[in-house]
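**Q** Quick one: sequence and predicted model below, then my questions.
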Amino acid sequence: MVSSLKKMKLIAISATMSLLLAAMLACNIGGEADAPAAEPMASEPIKFGMILVGPRNDRGWSQAHHDGGAYAAQKTGSEMIVMDFINPADSPDITVAQVVDQMVEQGAELIFATSEDMKDGILEAAASHPDVPMIWSSGDSAWADGDAYHPELANLGNIMGKMEYGKMMAGCAAALKTETGNIGFVGPLINAETKRLANSAYLGAKYCWEESRGKNIADLNFEIKWIGFWFHIPGVTLDPTVVTNDFYDSGADVVISGIDTTQVIVEAGKRNSSGEQVWAVPYDYHGACAEAPGACLGVPYFNWGPSYLNTINAVANDNFSATWKWLGPDWSNINNEDTSMIGFAKGDALGDDNWDTLNNKFIKGLANGDINLFKGPLQYQDGSTFVAAGEEASDKQIWYTTGLLEGIIGDAGD
Amino acid sequence: MAGMNRFYSKDSLENLMAFGLALFCTSILLVLLGVSPWSTFIAILEGSVLGLDSLSRVFVITSIMSLSAFALIVTFSCNMWNIGVEGQMMLGAIGAVFVARSFIGDTLLSIPFMIIAAMCFGGIFGLICGLLKTKGSVHEIFAGLGLDFVAAGLIVYLVIGPWKKEGIASTSGTDIIPEMSWFPHLFDFKFPIIPILLFGSMYLILRFIYAKTSLGLKLKSVGSNTNAFSRLGLSPDMYILFGFLIAGAVVGLAGAIQVGSIYHKLVPYISGGYGFLGILIALVSGRKLSIAIVVSAFFACLVVGGSTLQIKLGLHASLPGIIQASIVLFWLMIKASSVHIKLINAVSKSYGHS
Amino acid sequence: MKITFDSITKRYGELIANDAVTVSIESGTIHAIIGENGAGKSTLVKMLSGQVTPDSGSIAIDDKVIKGFSTHSAIELGIGLLGQDPMDFKNLTVMQSFTVGHRLNTSMMRNGLLRQEFERLNSVYDFNIDPKKKIYQLSIGERQQVELMRLLSNGAKVIILDEPNSGFSLEQKSKVFDALDGLTEEGCTVILVSHKLEDVLEYASSVSIMRKGTLVDTLDLPQSPGHLVDLMFGGHQEESVLQTESVTDTQNLVAKVQQSGQTIDLNLSKGMMVGAIGLQGSGVDTFLRNMFYDKSFLLTDAEGPIDKSSFGYVPADRLERGLFPELSILDHHALSSTLGHNVIDWTQIRSMCEDLIREYGIIGTPETKAHELSGGNQQRLMLSMMRSDINVAMLEHPTRGLDIQSADYIWDKLLNDKLSRTVTVFSSYDVDEIWNYSDYVLCFHGEDIVASCSINSISKTDIINNIAGNVIGRDE
């Protein structure tokens, strides 16, 4: 027997729950449609899995992959199944290998594992599903000349973009704009990839500081701080919001982002809109400047669509091969969404003159080979040689960068 | 603690009824979210017990959750809230990785020593929490919470410090441990023999302790009334410390499973929140070891099956978490308000009349 | 308000606490419910206060059946319970405890009002309680007085007194009952649960007698005490004759006692029964507890200091300090007997437990939990837990709240065991108890021990004078 008092209680409880639900609904917890439109197909549609380290709408690294996958899905009429938040902090219940198991079970014929962090998981998964082609983006497991070649994994290929060029442009934009000569770089974790990208940004900044602005390199203060991971994990990494503000507080007026997420441009935007003369260069995603156009000097971004499209076509046509691809910009038009792996989107805050210098001098120089910043002599912070005088760095030298260049302030993780 | 006492004597019918009601409430919630509860629960079922690989994961996660719940049941019996359970699990993981990275990591000795080290590390960390409580007069909830942060910080320090990968400073984890240190699977369906042995033996040992030994009775009585306990010439502090030591050692094993069966390396936050979930499992299971296993298995299905919802039904990644949380919440609410018992009475009454 | 219990039945496991009890209590009376320990008195009145839900049967107030009785609805109906262990908050001050749950406690603005109310009641009933003291500093009787004031001030129309007088001093008792008498004239109903016949005969106008969960009879008073005793015990009341063997003063034992800064040496003899007496609220309340827990107490015989591990202590507040509320009788016996053992032999413990239940006349099964036992049975359980190898037994108010038969039984037991023990110490507020059973007496006035001597060298009047602070008989 439920007394009237209890009934009242029940009603009260259910009313509370409904309110809670309404709140959740407002937060858009429900399903999101990823259904690709049935466009003209270039080849057979397939089903492929896309494993993202962060959320699919992070306006950074993960969204760039997600959009690339969506582009390829649309071109081929393929179906993309997405798992986002695949990292130990957000999804402790599942590992990359287990995600692959599930996707294969769901009928995925191709898997994209889109983070350096997924290395252990995707190697395990590739070994346990030898018939399923997989791409580990940013990896080197399929590079025959590389240091971590896995010849036994004939189903695991790699794709990476030559973001070195993008970072050089980012560095150049920062050097063109800075008034204090203090440039900050918010780095993720320390590994070969992040070191070569930080070095590239520095080289770009150094070039434009000296050549375009005619200043002394001794007056350029280029400092890097690492947060510890690709994005903020409370309690585990440093907070990029704090790191960014520390840079601005200590005199930097441009901060370059090297992390997956948008904190740097967001913080710059806040300060800029309150009248401070500070700017930022975000990373990864072509639309990143939209976070704070007034503070954005432009963004170097990945355009994964074309390379993912090629991979899907190869799988559909049954001629997939596990290769290592390190793709550069389409120098005829680095912002061509159908051809260029790496692009640089202009930011409002850069100014027309600076954009002119960046676009028509620097980028053009990179495109026609007049400017090669990985040319010796280049030394690491400890004075050891990176590229000897008169030599140009090989792909292998660049890929397996072991330190930060002389002139950069910051920890190289040794 | 008067409210807690309600959870003591529940038979399985009451538990089942409470669970059914919780599921029902969660279904309503799903409908309101625009998600079909039927297809969601079917997908969870398919994604957990109906696949060989996923069944193996269900077993592993059941083991981890059960061990966490056991640890909580032990400390609850001393009337202590062991919020430090997460930290104790992390220390267990550190202990296991410590052995796996050592010179025996690539030998047959590794796994037994990983297990021993995990128990020692977790147990000692539990003991520290107990010492802060008994000798330092720090409330165990704050002591435990503080120690959780210490353990999390220690892992981050190890991962980007002494145990970092060559030339890399990333919080993504240490190097993979040698394969000899991976907990082996049996048969085609990756039967996780070691996790099951670990939680099974802990279940039997704890059952024995509580049913047959003076230690178990003392742990139970110190929780019932410390004044009466010291009246008998026994030291409440000593048995509270015992409770924390046992709890830490038990949940340390869960850390070893995280390392040996799942991650094969040390990653930050390796406890994955299973310790905190263990608190809830201990509560909803009425602090009964056997029921805790059943509840753990259920939550493991939810976790494993829930992770497929994103792929299968295109649902948001946070939905499994919401389902899990709401079932626990509804379950506790139903138990606290004893709606389920009234329902049982009403049903049995109406059957009696007809 | 008129209260009617109709066919109330309540079981705890195999124990039938109330078996189809039907009682009607008229408005504006003091109605007593008597019976020996475990007769079901407390269980019955706890249903009225909503703490216990009957398995079957109903309760009607002014002939209206009340459904779904809860503590909340009982308070709404104006039913207040003053229990054996007062329901209050140890760490609050008297004033705060009075305020919590008070109907006037609706906003900060009422604090002054509440203080006035407290002061008024405190002076009307002449209770003399300091509102700034913390609850844990009060004696049980004083705590009950605070609780009574709160109930009355809250507009209680029915006051249930569940063995409260065992905590009251004589003076307090007459004050409290004077207050209650006045209230009945205003239409209040008082239910007095007691085993003390003299109280019942003095204050109540009608009485219900319970025995082993059933209602024997309801009678108007006065009645002859003998008749009531016959009804309570089923006519088998034996005249208990106590065989007290007085212990002579061989003085082979020295006790060093520290009390409020002074150190007193007591020259005792082996096997003595030491009685500590004082008014409620005096140092006697905490004397035994301090002796047991404090390192300052030292007992030495010819062979040297006596090992503390052979001390046994039976506290007055049974559920707070003595027993494990959630544990069964069986668990209690296992705990007290297997000290030092690892694996418990449950078969042996169970047969021992069953023997002890029988021997001590505990109404319950091995599975009955301590909190389900009546007060007297809790006391018996504590005594039954006293190991045979205890050399020094310390008992606080060993017969508090017990019926005559239980009290006699316990004294039998204690006197029987005293010679096998080094010393037995007990505390009491009752001069007769001290006079009848002690070999040696300690008199407390305030926090001080004002007299300590063999019972043979002091008169009953001197004891009373000493504890009352009358210094005539006191050595300086």
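**A** Arrived safely, thanks for sending. Numbers count the residues shown, from 1 in each chain, chains lettered A, B, ... in the order given.
**Q** name the element B:Leu55 belongs to?
**A** helix B:52-77 (DSSP states H and E).
**Q** Nearest to chain B: which residue in chain C?
**A** Here chain C gets closest to chain B at one residue, C:Phe324, 3.8 Å apart by CB to the nearest CB. Where you see a C-beta, it was placed from the backbone N, CA and C, and this is true even at glycine.
**Q** What's the local residue count around the closest residue to that residue other than its chain neighbours?
**A** Of all residues not flanking C:Phe324 in the chain, B:Ser224 sits nearest, at 3.8 Å (CB to CB, 6 or more residues apart in numbering or on different chains). Residues lying near B:Ser224 (other CB atoms under 10 Å in any protein chain shown) number 22.
**Q** residues in contact with B:Ser224?
**A** B:Asn79, C:Phe324, C:Pro325, C:Glu326, C:Leu327 (CB atoms under 8 Å, 6 or more residues apart in numbering or on different chains).
**Q** how about the residues of the stretch 151-300 of chain C that lie near chain A?
**A** Contact residues, the stretch 151-300 of chain C versus chain A (CB under 8 Å from any CB of the partner chain): none.
**Q** before we move on, back to that, give me the neighbour count for the residue of chain C closest to chain B.
**A** 25.
**Q** how near is the nearest residue to A:Ala389 once chain neighbours are set aside to chain C?
**A** Distances taken as CB to CB, 6+ apart put A:Pro377 closest to A:Ala389, at 3.9 Å, once the chain neighbours are dropped. The gap separating A:Pro377 from chain C is 76 Å, by CB to the nearest CB, to the nearest Å.
**Q** Checking my notes, A:Asp318 in a strand, right?
**A** No: secondary structure assignment (DSSP: H, G, I helix; E, B strand; the rest coil) places A:Asp318 in coil, not in a strand.
**Q** got a pLDDT number for it?
**A** With respect to pLDDT, A:Asp318 scores 89.
**Q** Now it, what are its backbone angles?
**A** Here is the backbone geometry of A:Asp318 (degrees, to the nearest 10): phi 70, psi 30.
**Q** Please work out how many residues are found near it.
**A** 8.
**Q** Outline the domain layout of the chain.
**A** Went with chain A since none was named. For chain A, automatic domain parsing gives the domain ranges A:47-162+A:305-327, A:163-301+A:344-409.
**Q** please go with chain C instead
**A** C:3-233, C:253-473.
**Q** wait, isn't A:Val299 in contact with A:Trp279?
**A** No: counting by CB atoms under 8 Å, A:Val299 does not reach A:Trp279; the two are 11.9 Å apart.
**Q** got the contact list for the residue in chain A positioned nearest to chain B?
**A** Residue of chain A nearest chain B, by CB to the nearest CB: A:Pro92 (2.7 Å). A:Pro92 sits next to B:Tyr269, B:Ile270, B:Ser271, B:Gly272, B:Gly273, B:Tyr274 when contact means CB under 8 Å, 6+ apart.
**Q** Filter the residues you listed down to the buried ones.
**A** B:Tyr269, B:Ile270, B:Ser271, B:Gly272, B:Tyr274 (16 or more other CB atoms under 10 Å in any protein chain shown).
**Q** got a list of what the last one touches?
**A** This points to B:Tyr274. A:Pro92, B:Ile61, B:Ile64, B:Met65, B:Ser68, B:Met89, B:Ala254.
**Q** can you list these in JSON lines and add pLDDT?
**A** Formatted as JSON lines, these follow (pLDDT from 0 to 100):
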{"residue": "A:Pro92", "pLDDT": "78"}
{"residue": "B:Ile61", "pLDDT": "93"}
{"residue": "B:Ile64", "pLDDT": "96"}
{"residue": "B:Met65", "pLDDT": "95"}
{"residue": "B:Ser68", "pLDDT": "96"}
{"residue": "B:Met89", "pLDDT": "96"}
{"residue": "B:Ala254", "pLDDT": "96"}
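**Q** Return the closest of these with respect to chain C.
**A** Nearest to chain C among these is B:Ser68, at 23.7 Å by CB to the nearest CB.
**Q** My guess is the closest one contacts B:Ile83. True?
**A** No: with contact defined as CB under 8 Å, B:Ser68 does not count as touching B:Ile83 (12.0 Å).
**Q** Look at the two and report which has more neighbours.
**A** More neighbours surround B:Ser68 than the other of B:Ser68 and B:Ile83, with 35 against 23 (other CB under 10 Å).
**Q** do you know how far the more buried one is from B:Ile279?
**A** Taking CB to CB, to the nearest Å as the measure, B:Ser68 falls 8 Å from B:Ile279.
**Q** so how many other residues sit close to the residue nearest to A:Ala389?
**A** Neighbours of A:Pro377 (other CB under 10 Å): 12.
**Q** Phi first, then psi, for it.
**A** Phi and psi for A:Pro377, reported as degrees, to the nearest 10, are phi -80, psi 130.
**Q** For it, give me the pLDDT.
**A** For A:Pro377, the predicted pLDDT is 91.
**Q** and residue 136, how many neighbours?
**A** Using chain A. Neighbours of A:Trp136 using other CB under 10 Å come to 32.
**Q** wrong one, chain C
**A** Count around C:Tyr136 with other CB under 10 Å applied: 11.
**Q** ok, now the one 10 residues further on?
**A** Around C:Val146 sit 24 other residues, with neighbours defined as other CB under 10 Å.
**Q** Tell me who's in contact with the residue lying closest to it once chain neighbours are set aside.
**A** The shortest distance from C:Val146 to any non-neighbouring residue, by CB to CB, 6+ apart, is to C:Val94 (5.5 Å). C:Val94 is in contact with C:Ile129, C:Asp130, C:Pro131, C:Lys132, C:Lys133, C:Lys134, C:Ile135, C:Leu138, C:Val146, counting by CB under 8 Å, 6+ apart.
**Q** Just give me the closest of the residues you listed to chain A.
**A** C:Val146 (30.0 Å).
**Q** How much space separates the closest one from C:Phe118?
**A** Going from C:Val146 to C:Phe118 by CB to CB gives 9 Å.
**Q** can you list the domains of chain C in TSV and add mean pLDDT?
**A** TSV is the format used below for the domains of chain C (pLDDT from 0 to 100):
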stretch	mean pLDDT
domain C:3-233	81
domain C:253-473	82
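**Q** out of the ones you listed, which comes closest to A:Phe386?
**A** domain C:253-473 (68.0 Å; CB to CB).
**Q** tell me the contacts of B:Ile160?
**A** By CB under 8 Å, 6+ apart, the neighbours of B:Ile160 are A:Gly228, B:Ala169, B:Ser170, B:Thr171.
**Q** do the same with B:Gly87
**A** B:Phe125, B:Cys129, B:Gly144, B:Leu147, B:Asp148, B:Phe149, B:Val150, B:Ala151, B:Ala152, B:Ser271, B:Gly275.
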